[in-house]
Structure formats: C-alpha cells, structure tokens
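*Asks:* Let's see this in three dimensions:
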Amino acid sequence: MTEKQLFTYTNAVICSELLSSYLEELKNTPVYRQQIKHLSTNLSIELEKMLKIELPKIFDVDEMFTLNLMRNYKDLVELITSSQGDDLMVLSQLIKEYNKDRDKFLDKFEIMLTKLNN
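*Replies:* Okay, the predicted model is just below:
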C-alpha cells in the first residue's frame, strides 16, 4: 500500500464518520426523507465492509499511524461536527498555513502555546 492510499483510506474513515454524524443530526428535520435514510444506511454498511478489509492493511503498513488514527479520529470528528461555520473557516486557514510550511508553522504554534501557558 502506498502512502497516498494510506491517506486516502484514512480520509475515507474520517469522512464516513463525519457523514454519519451529520445524518444523525438530520433525523428530526423536515429534510430527512426515507430515501436519505436508505442511502445513508447503505453507505454506512459499505464503508464498514471496506474498513474491515482495509484497516488491517493500513495497520500492516504503519502500525503507529493506525493506532494514533484510531485514538484521535473520533475526537477530530467530534471537534468538526461541534464547530460553527466561523470555526471551520479558521481551521481551514490553519491547515492551509500548516501545509505551506510545516516546520515554520510548528515553530510559530509552539511559541503561541508557550505564551498561552504562561
């Protein structure tokens, strides 16, 4: 499994959890229809099948990454689904800055954390 595939599968896990969470919130709204319920149930079933097959492959490629993913992805999903629109825009900008220059971002982030903790 390539690194790209590893991250694709990881993103699929996170996205499926996000989708499940948001669909759960839709249940008591007027837009939630039988067809949406049916499609979301089928999607969840298919994603679970995929995960049963692919998660062990991810584990075989990078055990530590998989353990960290399993520990943290539920928290990530919870943070995202509980955030408001403005929060998500800030998170988006933070991720963009991080991707531009990770080392520089982490240096700045460490300085900010130090100031916050003092």
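*Asks:* mind listing the helices for the chain?
*Replies:* Along the chain, counting by DSSP state H, helices occupy 3-26, 34-61, 63-81, 85-100, 102-117.
*Asks:* Which positions within the second one qualify as buried?
*Replies:* Read that as helix 34-61. Of all the residues in helix 34-61, those buried under the rule 16 or more other Cβ atoms under 10 Å are Ser40, Leu47, Glu54, Leu55, Ile58. Quick note: C-beta positions are derived from backbone N, CA and C, even for glycine.
*Asks:* Just to check, the second one is in contact with Leu18?
*Replies:* This means Leu47. No - between Leu47 and Leu18 there is no contact under Cβ atoms under 8 Å: 11.5 Å.
*Asks:* mind putting the buried residues of helix 34-61 in CSV, pLDDT and distance to Val77 included?
*Replies:* CSV is the format used below for the buried residues of helix 34-61 (pLDDT from 0 to 100; distance: Cβ to Cβ, whole Å):
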residue, pLDDT, distance to Val77
Ser40, 75, 16
Leu47, 76, 13
Glu54, 75, 18
Leu55, 75, 16
Ile58, 74, 17
